[in-house]
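Quick one, structure for this:
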Amino acid sequence: MLDVLFLALALSMDAFAVSIGLGAKLVGQTNKLTALAIKAGLYFGVAQALMPFIGFLGGHGVLGWVEGYAPYIAFVLLLFIGGKMIYESFVEGIEEDFCQITHRVMLTLAIATSVDAMAAGFSLPLLDVDPFLACALIGIVTFLFSFLGVFIGRKSGTWLESKAELLGGLVLIGIAFKFLLV
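Numbering: from 1, shown residues only. Down below sits the predicted model:
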């Protein structure tokens with residue numbers, strides 16, 4: 001279960017980073033802060049809970065065919081996702097392209113930040129955990145980080161945004177190497 005918690009923390013870093021960027025856009029608009037924090041938490045939390053489950057279903061379906069190679073496939077997927085997150089920590093955030101934070105924008109951001117979670121969901125059958133519990137934990141952790149990220153972004157600006165993505169990428173790479181050692 002500790003592996004799932006680390007996975008949840010790592011996967012939530014994308015949404016956390018975007019939430020920090022969204023909160024930074026609201027400097028001077030304290031009346032909209034709590035509503036945006038709840039909206040970010042719900043959109044990102046639900047998306048991050050659903051996408052790994054979709055990945056789990058796909059991974060569970062093909063596990064019989066690739067069972068001998070499954071740890072290597074999980075390693076490559078998590079290494080790629082972690083590397084992508086590290087790369088993204090050095091480039092501009094997507095949320096800076098949006099002028100207004102509408103439901104459509106939030107849905108787009110939620111899907112964009114959770115695609116990695118779907119790929120990571122392919123590794124869930126290897127962790128020997130209840131997939132519903134794992135996905136719920138990922139969703140709850142993401143909700144909390146996204147909710148807090150809006151408030152942190154308002155206070156700190158965007159300087160913390162890239163560090164969150166970098167940390168998430170490094171944790172995913174660590175989990176990837178763990179699959180090789182098991």
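
Flag every buried residue along the longest helix anywhere in the chain.
Longest helix in the chain, counting residues (DSSP state H): helix 33-66. Using 16 or more other CB atoms under 10 Å as the test for burial, helix 33-66 gives 33, 36-37, 39-45, 47-53, 55-57, 59. In this view, the C-beta of every residue, glycine as well, is placed from N, C-alpha and C.

packing partners for it?
When contacts are defined as 3 or more CB pairs under 8 Å, 6 or more residues apart in numbering; DSSP states H and E, helix 33-66 packs onto helix 2-24, helix 103-121, helix 131-156.

Which is the succeeding secondary structure element to that helix?
Following helix 33-66 in sequence order, the next helix or strand is helix 70-88 (DSSP states H and E).

Under the pLDDT cut-off, which ranges of the chain? List them.
Residue ranges of the chain with pLDDT under 70: 27-29, 60-68, 70, 92-100, 157-162, 179, 182.

Report the contact partners of Tyr43.
Contact analysis of Tyr43 by CB atoms under 8 Å, 6 or more residues apart in numbering lists Met106, Leu107, Leu109, Ala110, Ser146.

Now a ChimeraX select for only the buried ones of these.
Those of these that count as buried under 16+ other CB under 10 Å are selected in ChimeraX with:
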select :106,109,110,146
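
Could you single out the nearest of the contacts of Tyr43 to Val129?
Among those, Ser146 lies closest to Val129 (CB to CB), at 22.7 Å.

Could you measure from that closest one over to Phe177?
According to CB to CB, to the nearest Å, Ser146 and Phe177 sit 27 Å apart.

got it, and Gly23?
Separation of Gly23 from Phe177 (CB to CB): 33 Å.

Those two: who's more crowded?
Taking other CB atoms under 10 Å, Gly23 and Phe177 do not tie; Gly23 has more neighbours (27 against 12).

my read: the more buried one touches Lys32, true?
No - here Gly23 lies out of contact with Lys32, judged by CB atoms under 8 Å, at a distance of 10.3 Å.

on that earlier part again, give me whichever of the helices and strands packed on helix 33-66 is most buried.
Neighbour counts (mean count of other CB atoms under 10 Å) averaged over each of the helices and strands packed on helix 33-66 peak at helix 2-24, with a mean of 25.
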